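> Predicted model and sequence follow; I will ask about them next.
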Amino acid sequence: MQNNKNKKMPDQNGRFGIYGGRYVGETLMSALIELKQAYNKFLHSPDFKSEFNLLMKNYVGRPTPLFYAKRLSAQCNGAKIYLKREDLTHTGAHKINNTVGQILLAKQMGKSKIIAETGAGQHGVATAAAAALFNMECSIFMGIKDIKRQAPNVARIKLLGAKVIPVDSGSATLKDAMNEAIRYWTEAIEDTFYVIGSVAGPHPYPAMVRDFQKIIGTEAKEQILKQTKKLPDILVACVGGGSNAMGLFFPFINDSVEMTGVEAAGKGIETGKHAATLGHGTIGILHGSKSYILQDNNGQIKEAHSISAGLDYPGVGPEHSYFKDLNRIQYVSIKDKEALNAFKILSETEGIIPALESSHALAYAIKEAPKRSKEDIILVNLSGRGDKDLGIVLEQTNLDIS
Amino acid sequence: MNRIKEIFKKLKEKKEKALVAFVTAGDPNISQSLNIIKSMCKAGIDILELGIPFSEPTADGPVIQKASARALKQGINIKAVFKLTKNIREFTNIPIILFGYYNPIHLYGNKKFYIDAISAGADGLLVVDLPPEESDEMTNEWEGDKLALIRLIALTTPRDRIKKIANSASGFLYLVSKTGVTGSAGIDTSLSSDKFKIIRSITDLPVCVGFGISTPEHVSAVASFADGIVIGSAFEKTIEKNINNSELESIISKQTVEYKKATKNP
Ligand SMILES: Cc1ncc(COP(=O)(O)O)c(C=O)c1O
């Protein structure tokens, strides 16, 4: 297994092996250097830690439960499936762990305004909530395609007092929202903090977001040991930018535990309409870091495709690329249809409606469980709840709710 | 590379500042792009910055975003940019600086890019999203020093960092006169003039100033201190507005003459 050197990733320059770095225009460099200094200073300060932990407990609702999905496991007739219930956090997805952390940092840095990009809208909601909590002005960039398919979250963002800025360039999804947020930030670095929603973007974001999200894995490890007296055999999480996956995996990285990241295969890899960046992408530079990306032969970024807005992204966090090359983490993909099916199965067997993003992880677990022994444990990160997806699911399936 | 040195020397003797024109290669199409550049050269630009289009131009405002998208629609890739460069070289001897984002260059191959850029007749390269911290991976693959590496300095760049940037740059430095993306309106000349003085106290490299410069008045204000003035979005706006106008080239030509006038006897 890996030794402790993984703990020192990234290096000084934000490198995970050849991946990561800071590929940004000069105007943003000073902002990133300032951010890195603030992050180094505050993250390890006892005051910051205790304020973060208190908010995790009393505002976010942590620790989230680890739940043995008995009926689902029985139906799969194989390994036992455990669910890490990030869907039960305040605002309904793991995204809130990171936004509370970053906005706490923004406050320490004396910034008064917050911006963020969002795809599924979960990061937008989580950012807007934390911004409200700390009385900061907040603007959320969102592609118009996502505004349409995640309407409930748009309403929530507005209710929380934030502005939604529609983005109609490119594919009008997450990647374009991020482009626009970067442009806006370039103009407003003086008083504005950019809350990136995944382990992507330029250094120090991939490391910082991982560090705020690793609470998922730290809790899960303690809980599974308490409940089963052993470590899980395999961890499963969906991968959009990769934050819920890295959050779960990282505390287990030196343990003898398999890890599988599940990307979106969209309409099928062979159709080209997918978001399987690690599985089928090539090395390139997008949004400030080097990682696997989806690009054409000329180095232009390709549009990703997934029924799930949170996975619909042609890039991925650099640390995932690093662990992919090391074969430490395995990456697979799940089609829209399989995710929809898993969405229904979990709702019916356990009374839990999962986010479409998380349904990708579940779908893989459901496929994998029957191949394993009944003693094996599959721990799935249930990254979010599915209320936001009801519209799409009803449209895409023949679910009869009359 | 030598063309860059020579032009600044020549302009100094003539008591003029460099007019640096940015256009996106292949916008609105290859043949029109070539004609536009030809009329700009005739009208007196001193340096050409040729933009390599990219699908995610995060440092650009709407005008250059659209120009980039138009060029991509025409199928412009790096090979096509080199071909255009070669064609431009046939009628002018002014320095040509290639200007782009790193991903297409990285995929093309840094070593091959260097070789092909030189053989096409380019003199320099500016990669918007490749700060000194990251650029070794590119320049380590360059076998020679015939391609100048133009670097950006921002209003937000602190003094010690300016040193670091200047030490690893060649040709000239590009001072970004606005904290923002390209095409944002207006320029605060006093901010860039203060920054210019700091840069000048650190390095002898020529310093061109760009971002937000659109009128001859801006040009002469900047010409009073800087070594060169970069105009991009203002030209692209003219192209966008007159895309179906048969007078486009003469309109661009007139615009260029106005700017050039403002660079003389600052
Ligand atoms: C519930 C949920 N899970 C997963 C994701 C994907 O992001 P990441 O890969 O960073 O966890 C999102 C993104 O919006 C989400 O809302």
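Right, received. Where do you want to start?
> Under the pLDDT cut-off, which ranges of the stretch 301-402 of chain A? List them.
Scanning the stretch 301-402 of chain A for pLDDT under 70 picks out A:399-402.
> Pull the number of nearby residues for B:Pro206.
The local packing count at B:Pro206 equals 22, with neighbours defined by other Cβ atoms under 10 Å in any protein chain shown. For every residue, glycine as well, the C-beta is placed using N, CA and C.
> which ones are touching it?
Contact criterion Cβ atoms under 8 Å, 6 or more residues apart in numbering or on different chains gives B:8, B:18, B:171-173, B:227-228 as the residues in contact with B:Pro206.
> pLDDT score for A:Gln150?
With respect to pLDDT, A:Gln150 has a value of 89.
> Ignore what I typed, I meant A:Gln2.
43.
> how about the helices of chain B, start to end?
The residue ranges that make up the helices of chain B, judged by DSSP state H, are B:2-14, B:30-42, B:62-73, B:78-89, B:102-108, B:110-120, B:136-139, B:159-167, B:189-202, B:216-223, B:233-241, B:248-261.
> ok, residues contacting the third one?
Residues from elsewhere that reach helix B:62-73 (Cβ under 8 Å, 6+ apart): A:169, A:300, B:23-28, B:33, B:51, B:53-55, B:57, B:60, B:182-183, B:232-233, B:236-237, B:239-240.
> how distant is that helix from the center of its chain?
Going by Cα atoms, centre = their mean, to the nearest Å, the spacing between the C-alpha centre of helix B:62-73 and its chain's C-alpha centre is 16 Å.
> Same list, the contacts of B:Pro206, but as TSV with pLDDT, distance to chain A and neighbour count please.
Listed next are the contacts of B:Pro206 as TSV, based on pLDDT from 0 to 100; distance: Cβ to the nearest Cβ, whole Å; neighbours: other Cβ atoms under 10 Å in any protein chain shown:
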residue	pLDDT	distance to chain A	neighbour count
B:Phe8	98	22	21
B:Ala18	98	20	26
B:Gly171	97	16	25
B:Phe172	98	15	26
B:Leu173	98	10	24
B:Asp227	98	18	22
B:Gly228	98	17	26
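> Show me what from chain A comes close to chain B.
In this structure, chain A approaches chain B at residues A:13, A:21-27, A:29-31, A:169-170, A:175, A:179, A:182-183, A:186-187, A:189-190, A:282, A:284-288, A:293, A:295, A:297-301, judged by Cβ under 8 Å from any Cβ of the partner chain.
> These in strands, which ones?
Using DSSP state E to define strands, the subset of those located there is A:282, A:284-286, A:293.
> between the contacts of B:Pro206, which is closest to A:Ile378?
B:Leu173 (56.1 Å; Cβ to Cβ).
> Quick one: residues contacting the closest one.
Contacts for B:Leu173 were tallied using Cβ under 8 Å, 6+ apart; they are B:150-153, B:165-166, B:199, B:203, B:205-208.
> One more: A:Pro232?
Contact criterion Cβ under 8 Å, 6+ apart gives A:82, A:224, A:252, A:257, A:377-379 as the residues in contact with A:Pro232.
> now swap in A:Pro10 and tell me
A:Pro10 is in contact with A:16, A:20, A:203, A:206-207, A:318-319, counting by Cβ under 8 Å, 6+ apart.
> Could you verify that it is part of a strand?
No - with the criterion set as DSSP: H, G, I helix; E, B strand; the rest coil, the secondary structure at A:Pro10 is coil rather than a strand.
> what's the distance between A:Gln108 and A:Phe52?
Between A:Gln108 and A:Phe52 the distance, using Cβ to Cβ, to the nearest Å, works out to 11 Å.
> Tell me which of those two has more neighbours.
A direct count of neighbours by other Cβ under 10 Å for A:Gln108 and A:Phe52 places A:Phe52 higher, at 20 against 16.
> Surely that one is in a helix?
Yes - per three-state DSSP, A:Phe52 lies within a helix segment.
> Just the pLDDT for A:Met142.
At A:Met142 the predicted local distance difference test score is 97.
> hey, what's it bridged with?
With DSSP bridges as the criterion, A:Met142 is bridged to A:Thr118, A:Pro166.
> give me every residue that touches it.
By Cβ under 8 Å, 6+ apart, the residues touching A:Met142 are A:117-119, A:121, A:124, A:154, A:164-167, A:177.
> could you redo the last one with a cut-off of 10 Å?
Remark: with contacts taken as Cβ atoms under 10 Å, 6 or more residues apart in numbering or on different chains, A:Met142 is in contact with A:116-121, A:123-124, A:150, A:153-154, A:157, A:164-167, A:172-174, A:176-177, A:180-181, A:309.
> burial measure for residue 239, as a count.
Picked chain A for this. Counted with other Cβ under 10 Å, residues neighbouring A:Val239 total 33.
> actually chain B
Residues contacting B:Ile239 under the criterion other Cβ under 10 Å number 23.
> does it really touch B:Ala21, like I thought?
No - with contacts defined as Cβ atoms under 10 Å, B:Ile239 does not count as touching B:Ala21, sitting 11.6 Å away.
> between the two, what contacts are shared?
Overlap between the neighbourhoods of B:Ile239 and B:Ala21 consists of B:36, B:252, taking contacts as Cβ under 10 Å, 6+ apart.
> could you check the angle helix B:159-167 makes with the longest helix seen in chain A?
For chain A, the helix that runs over the most residues, judged by DSSP H, is helix A:26-43. With axes from the mean of the first three to the mean of the last three Cα atoms, to 10 degrees applied, the angle from helix A:26-43 to helix B:159-167 works out at 140 degrees.
> contacting residues for residue 45?
You didn't pick a chain, so chain A it is. Taking Cβ under 10 Å, 6+ apart as the criterion, A:Ser45 is in contact with A:51, A:108.
> my question was about chain B
In this structure, B:Ile45 makes contact with B:18-23, B:37, B:39, B:92, B:94, B:231, B:235, B:256, B:259-260, B:263, judged by Cβ under 10 Å, 6+ apart.
> And for B:Ile97?
Neighbours of B:Ile97 in contact, by Cβ under 10 Å, 6+ apart: B:4, B:20, B:22, B:47-51, B:122-126, B:147-148, B:150, B:171-172, B:174, B:208, B:230.
> measure it to B:Cys41 for me?
As judged by Cβ to Cβ, B:Ile97 and B:Cys41 stand 14 Å apart.
> Same check on B:Ile4?
Following Cβ to Cβ, the distance that separates B:Ile4 from B:Cys41 is 16 Å.
> Give me the more crowded residue out of these two.
Ranked by neighbour count (other Cβ under 10 Å), B:Ile4 and B:Cys41 place B:Ile4 first, with 22 against 19.
> shouldn't the more buried one be in contact with B:Gly124?
Yes - taking contacts as Cβ under 10 Å, B:Ile4 lies within contact range of B:Gly124: 6.2 Å.
> That's all I had, so thanks and see you.
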